[in-house]
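S.K.: sequence and predicted structure are below.
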Amino acid sequence: MKEPRNRIVQVRRFGGPDALQVVDVPLPTAGPGEVRVRVLASGLEYTDVLIRRHLYPQTMRHRPPFVMGYDVVGEIDQLGNGVSGFQLGDRVADMTVVGSNVAYCTLRADRLTRVPAGIDPAEAATLILSWTTAYQLLHRAALVKQAQRVLVQGAAGAVGQALLVLGSLAGLELWGTARGAHAALIRDLGATPIDYQREDFTRVLPDGFDVVFDGIAQDGYRRSFAALKNGGLLCAYGYSAGVQAQRRMATMLVWIARLYLWRWLPGGKRARFYSINLMRAQHPAWFREDLERLFGLLATGAIRPRIAERISFDRVADAHRRIEAGGLDGKLVLCPELAP
Ligand SMILES: NC(=O)c1ccc[n+]([C@@H]2O[C@H](COP(=O)([O-])OP(=O)(O)OC[C@H]3O[C@@H](n4cnc5c(N)ncnc54)[C@H](OP(=O)(O)O)[C@@H]3O)[C@@H](O)[C@H]2O)c1
């Protein structure tokens with residue numbers, strides 16, 4: 001019988017989406033302490049753009065060719081030696097940073113989170129990077145309190161939408177910056193829209209916001225900091241505007257470092273940078289606990305992540321182009337079993 005093959009999305013050189021290539025390779029084998037999963041869904045994210053363009057601190061040491069793919073939901077089809085507590089057929093999830101835009105991959109059993117039966121794998125996949133980031137920004141980094149006034153930059157994006165939904169559940173009063181065409185979406189998600197192309201968010205609240213979440217870094221976070229009330233908190237977590245403007249990595253690292261100097265300015269405002277990888281390294285139990293809580297919310301229908309489209313292998317490069325072009329109103333998710 002013919003040996004089944006694996007299919008992977010690899011980046012051949014750092015740069016644009018044309019550098020992505022879909023290749024057939026032999027199946028991996030689960031080593032000691034590992035499981036092999038048949039991938040059901042794997043997110044395609046703006047962070048993949050950073051990794052592909054070599055602008056992502058956590059993957060600075062990677063050299064092409066390597067396999068793309070930040071997060072994964074899959075079904076265990078092989079158990080390595082020494083793995084206990086899991087069985088063939090169990091549904092599990094992990095955040096791999098790279099390596100999960102594939103048909104099959106091996107994962108360390110001690111890093112897995114169980115995926116409850118009956119939830120859609122693609123919806124579950126959206127929760128791993130984007131929604132866990134949003135949850136931890138709200139409840140681990142900013143420690144938000146009911147009725148606080150909160151501004152979400154990039155509110156129509158993957159993390160932005162999750163911040164609005166989870167922020168509404170936490171009883172926050174929310175505003176979200178987005179392009180004008182996404183105003184109705186922002187309202188549906190429970191926030192007051194601010195058109196980032198036409199309106200000045202620093203003038204919306206005369207006293208300023210309690211908390212601002214910013215994954216965009218337009219102006220190197222300056223105006224987000226200016227929009228805070230005295231004693232307010234800026235939680236920065238990304239720098240998409242710097243990537244779009246083709247800034248160097250060093251410039252964006254200076255923006256991040258500067259956040260920690262601003263706390264010495266008068267007004268008692270604070271600023272910090274959140275990284276999901278750093279928080280997972282420091283508090284691995286929080287990552288699993290928070291993701292399990294989100295899976296629970298999905299299972300009961302309390303949250304419903306928006307998927308713009310499910311993507312087959314042959315359309316991954318096109319999906320990267322769409323993510324970079326902007327204008328999406330939900331996530332793109334690679335579903336390996338979709339026909340081309
Ligand atoms: N630190 C962490 O742990 C962590 C975790 C996850 C993500 N991130 C980073 O966070 C950033 C956002 O991630 P994402 O997955 O949510 O990206 P995304 O889905 O691409 O969303 C970004 C959103 O920002 C909007 N936008 C662009 N320019 C804007 C501006 N000037 N003002 C307001 N909104 C603007 C885009 O709108 P248009 O469609 O109108 O362009 C888009 O809706 C990325 O840089 C990502 O790498 C960091």
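M.R.: In hand now; what should we look at?
S.K.: could you use CA atoms for every contact and neighbour count after this?
M.R.: OK.
S.K.: what residues does the stretch 51-200 of the chain have near the ligand?
M.R.: Residues of the stretch 51-200 of the chain lying close to the ligand (C-alpha under 6 Å from any ligand atom) are 129-130, 133, 153-154, 156-160, 177-179, 196.
S.K.: keep only those of these that are in helices.
M.R.: With helices taken from DSSP state H, the overlap with those comprises 133, 158-160.
S.K.: format those residues as CSV; extra columns: neighbour count.
M.R.: Conversion of those to CSV gives the following (neighbours: other C-alpha atoms under 10 Å):
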residue, neighbour count
Thr133, 27
Ala158, 26
Val159, 27
Gly160, 25
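S.K.: tabulate the residues you listed (JSON lines), appending distance to Arg140.
M.R.: Shown next, in JSON lines, are those (distance: C-alpha to C-alpha, whole Å):
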{"residue": "Thr133", "distance to Arg140": "10"}
{"residue": "Ala158", "distance to Arg140": "19"}
{"residue": "Val159", "distance to Arg140": "15"}
{"residue": "Gly160", "distance to Arg140": "16"}
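S.K.: and these as JSON lines, adding pLDDT and distance to Leu27?
M.R.: Listed next are these as JSON lines, based on pLDDT from 0 to 100; distance: C-alpha to C-alpha, whole Å:
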{"residue": "Thr133", "pLDDT": "98", "distance to Leu27": "31"}
{"residue": "Ala158", "pLDDT": "98", "distance to Leu27": "31"}
{"residue": "Val159", "pLDDT": "98", "distance to Leu27": "33"}
{"residue": "Gly160", "pLDDT": "98", "distance to Leu27": "36"}
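S.K.: return the residues in contact with the residue of the stretch 1-150 of the chain found nearest the ligand.
M.R.: Nearest residue of the stretch 1-150 of the chain to the ligand (C-alpha to the nearest ligand atom) works out as Thr47 at 3.7 Å. Shown in contact with Thr47 (C-alpha atoms under 8 Å, 6 or more residues apart in numbering): Tyr56.
S.K.: ok, Val92 next?
M.R.: 73-76, 112-115.
S.K.: pLDDT weak spots in this protein?
M.R.: By pLDDT under 70, the weakly predicted segments of the chain are 1-3.
S.K.: which of the residues of the stretch 51-200 of the chain next to the ligand are buried?
M.R.: Applying 16 or more other C-alpha atoms under 10 Å to those, the neighbour count classes 129-130, 133, 153-154, 156-160, 177-179 as buried.
S.K.: export the residues you listed to JSON lines and tack on distance to Met249?
M.R.: Shown next, in JSON lines, are these (distance: C-alpha to C-alpha, whole Å):
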{"residue": "Leu129", "distance to Met249": "22"}
{"residue": "Ser130", "distance to Met249": "22"}
{"residue": "Thr133", "distance to Met249": "22"}
{"residue": "Gln153", "distance to Met249": "21"}
{"residue": "Gly154", "distance to Met249": "21"}
{"residue": "Ala156", "distance to Met249": "25"}
{"residue": "Gly157", "distance to Met249": "22"}
{"residue": "Ala158", "distance to Met249": "23"}
{"residue": "Val159", "distance to Met249": "22"}
{"residue": "Gly160", "distance to Met249": "23"}
{"residue": "Thr177", "distance to Met249": "25"}
{"residue": "Ala178", "distance to Met249": "25"}
{"residue": "Arg179", "distance to Met249": "26"}
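S.K.: so where do the strands sit in the stretch 151-300 of the chain?
M.R.: All strands of the stretch 151-300 of the chain, identified by DSSP state E, counting those that start in this stretch, fall at 173-178, 192-195, 209-214, 228-236, 270-273.
S.K.: what's the most buried one of those strands?
M.R.: Burial among those, expressed as mean neighbours by mean count of other C-alpha atoms under 10 Å, is greatest for strand 209-214, which shows a mean of 26.
S.K.: packing partners of it?
M.R.: Applying 3 or more C-alpha pairs under 8 Å, 6 or more residues apart in numbering; DSSP states H and E, one finds that strand 209-214 contacts strand 149-152, helix 222-226, strand 228-236.
S.K.: again, only this time at 10 Å
M.R.: On a contact count with 3 or more C-alpha pairs under 10 Å, 6 or more residues apart in numbering; DSSP states H and E, strand 209-214 meets strand 149-152, helix 158-169, strand 173-178, helix 222-226, strand 228-236, strand 270-273.
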